[in-house]
Each structure stands twice: as C-alpha cells, then as structure tokens.
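Novice: here is the input, now give the coordinates:
(one chain, ligands or ions: 1)
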Amino acid sequence: TGLCGREGASPSLGAGLCVYVYSLMQSMDQRDTWDRFYAQREERSGHFDWFFGYETVSGILLPTLQGLPPGPARLLDVGCGTSALGLELYRNCPRPLHVSCVDFSPVAVERLRRLLQAAPPPRHPLSRLGCHVADATNLGGAFEGGSFHLVFDKGTCDSLLRCPRGPGRAGEMVAECLRMLRPGGTLFQFSDEDPDARVPFLERASGCCQAGGGSVTVREAGQIGGICYYVYMLGRRVPEAAGQGGGTEN
Ligand SMILES: C[S@@+](CC[C@H](N)C(=O)[O-])C[C@H]1O[C@@H](n2cnc3c(N)ncnc32)[C@H](O)[C@@H]1O
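Specialist: Numbering: from 1, shown residues only. The predicted structure follows:
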C-alpha cells in the first residue's frame, strides 16, 4: 500500500514507523488514529508527504490552474495532513491562488499552521492559504458548496477505502468533494489503487451524487519503488441551464 510512505516519498520514514503505520491500517477512518500519528511526528520538523512531493504533483496541477479564467483560483486539499503540497502551491503559483487545506486531525492542522507562519510570502501577493479542521464527508460547516475550481486528494480516499468500515465513507467523501466543486471544476485523486478498482468506485460515487459528476479519466502519475501511481480526474458537470440564471449552488 501507498500508505507506508514508500521510498522516494518521505526519506525520514524509518522501518519502525512503517510497522506502526501497518498497525494503524485497521483504523484509518478514525480521527484519534491520525492525531496519534501526527503527534508522534511532532518531534520531527517539516512536512510529511505520504507519497509524491510537490514537484510531481505540481507538474500535473499547475497547468490546470494556469488554464483557469482570470481571478483567484480556488483549490481545496482534502485530508491535507502536513503535506507540503498546499503550502508550496500557495507559495509558488504564478497566478493568485486561494488554497484551503482541510483535515479532521487538529494535530495535523495545527502543525501545518505553524509551517505556514514560518513560510516566506507567496509569489503572488493576492494568494491566500487557510488551514481548517473539518470532516471530509461533511464540509458544509467550513465551506460553501460549489466554490472550488479544484479539489485535491492524495491518499485520503485510499485511507478510507482500505479500512474495514471505510468504503461507505469514501463514497460520501467523493460526493462531498464534488459538491464543493464549481460546475466544470475537477476532483484530482492521487492513488496507487488500480484503475480496475478505482474507476468503477468513482463512477458509482459520482452516479449517486446529486452534485452531478461527469466521467472519470485516469493517467499514470509516476512510480515509486516499482509501483505505479495514478491520478484520477472526475469533473463536476455543468448544468444545461448554466449561464441562464446566474445563481450559485449549495
Ligand atoms: C494518507 S494521509 C494523506 C495526507 C496527505 N494528503 C499527504 O499526501 O501526505 C490521509 C489523511 O486524511 C486525513 N483524513 C482521513 N479521514 C478524514 C476525514 N474523514 N476527514 C478529513 N480528513 C481525513 C487524515 O487525518 C490524514 O491526514
């Protein structure tokens, strides 16, 4: 599984911690599990990425961000943990970018806030980054529906799907991610799960979702330790009446 921080992803992740992560795999849908995990990492400084660092992911996301209409682009990193991605995109994106990083672990979010405070200013003066504690299956209290151009998930859906109680919640999470997207916006999921399993899962979740998901596309994102990782892209459909009423959706 990609949840054990494969080589090339997190150089500081030792064998002992890997064993610890495996022992957590039965309870990865529980907030306490993640609080303990991130508290254990508190003593080490810096970000922790489960797999793929900023370079790999930004190579895929930045072209999409650059292609959006003028004005601040809005990106939601769902289950951000202490990943460098949101913070580095905020710092380096040449266009104005409003990043919202959300995780249900207050320990992770507090750590990310501290990293943000210590970070140099963003390349674009209008860029913003916010860190939020919220459950990815119920984001209504934190954000307005239909407000993000991009929703990004690296390893969060994986952690729910691989947990015995998780698959139902993973479907709820995908539906909530789609609800957070503007019509025409895209959910990006990075995962090592094979397309034979992930594509039908996403199609089911999208088909059941009132927000109206479109079709799923997939491409290889890269390899770590000989294992292939994919990026899955699921768009939110533009309603046929879009542009006539001019209203926003919730
Ligand atoms: C495998 S880690 C990935 C972290 C980060 N995206 C990365 O790439 O390093 C999964 C993350 O999802 C978070 N998470 C799991 N279930 C969640 C939920 N229901 N709501 C919000 N965050 C959740 C965990 O706290 C954890 O930080």
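Novice: centre-most residue in this protein?
Specialist: Relative to the mean C-alpha position of the chain, the nearest C-alpha, by C-alpha atoms, centre = their mean, is the one of residue 153, at 2.2 Å.
Novice: what would the helix or strand residue 201 falls within look like as PDB? C-alpha coordinates only.
Specialist: For residue 201, the enclosing helix or strand under DSSP states H and E is helix 195-207. Below are the C-alpha coordinates for helix 195-207, written out as PDB (Å, rounded to 0.1, in the frame of the first residue of the first chain):
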ATOM      1  CA  PRO A 195      -7.900   1.700 -12.300                       C
ATOM      2  CA  ASP A 196      -9.900  -1.600 -12.500                       C
ATOM      3  CA  ALA A 197     -11.000  -0.900  -8.900                       C
ATOM      4  CA  ARG A 198     -10.900   2.900  -8.600                       C
ATOM      5  CA  VAL A 199     -12.700   3.900 -11.800                       C
ATOM      6  CA  PRO A 200     -15.900   1.900 -11.100                       C
ATOM      7  CA  PHE A 201     -15.800   3.100  -7.500                       C
ATOM      8  CA  LEU A 202     -15.600   6.800  -8.700                       C
ATOM      9  CA  GLU A 203     -18.200   6.200 -11.300                       C
ATOM     10  CA  ARG A 204     -20.600   4.700  -8.700                       C
ATOM     11  CA  ALA A 205     -19.900   7.500  -6.200                       C
ATOM     12  CA  SER A 206     -20.400  10.100  -8.900                       C
ATOM     13  CA  GLY A 207     -23.600   8.500 -10.300                       C
END
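Novice: who does the very next helix or strand once past that helix pair up with?
Specialist: Toward the C-terminus, helix 195-207 is succeeded by strand 213-224 as the next helix or strand (DSSP H and E). Next to strand 213-224 in the sheet, as set by DSSP bridges, lie strand 227-236 (antiparallel).
Novice: between the partner strand and helix 195-207, how many degrees?
Specialist: Using axes from the mean of the first three to the mean of the last three C-alpha atoms, to 10 degrees, the interaxial angle of strand 227-236 with respect to helix 195-207 works out to 20 degrees.
Novice: and strand 227-236, anywhere near the ligand?
Specialist: No: if you take C-beta under 6 Å from any ligand atom as the test, strand 227-236 misses the ligand, and the best it gets is 11.3 Å. In short, each C-beta sits where N, CA and C put it, glycine included.
Novice: what's the spacing between that strand and its chain's center?
Specialist: In terms of C-alpha atoms, centre = their mean, to the nearest Å, the centre of strand 227-236 is found 12 Å from the chain centre.
Novice: who's in contact with it?
Specialist: In this structure, residues lying in contact with strand 227-236 by C-beta atoms under 8 Å, 6 or more residues apart in numbering are 2, 6, 51-52, 60, 174, 178, 181-195, 198-199, 202, 206, 211-223.
Novice: now with 6 Å, please.
Specialist: When contacts are taken as C-beta atoms under 6 Å, 6 or more residues apart in numbering, the neighbours of strand 227-236 outside the stretch itself are 60, 178, 181, 183, 185-192, 198, 202, 206, 211, 213-214, 216-222.
Novice: over to stretch 59-70?
Specialist: Judged by C-beta under 6 Å, 6+ apart, the contacts made with stretch 59-70 from elsewhere in the structure are 73, 149, 231.
Novice: look up how far residue 183 lies from the first one.
Specialist: It refers to residue 73. Counting by C-beta to C-beta, to the nearest Å, the separation of residue 73 from residue 183 is 15 Å.
Novice: likewise for the last one?
Specialist: Using C-beta to C-beta, one gets 21 Å for the distance from residue 231 to residue 183.
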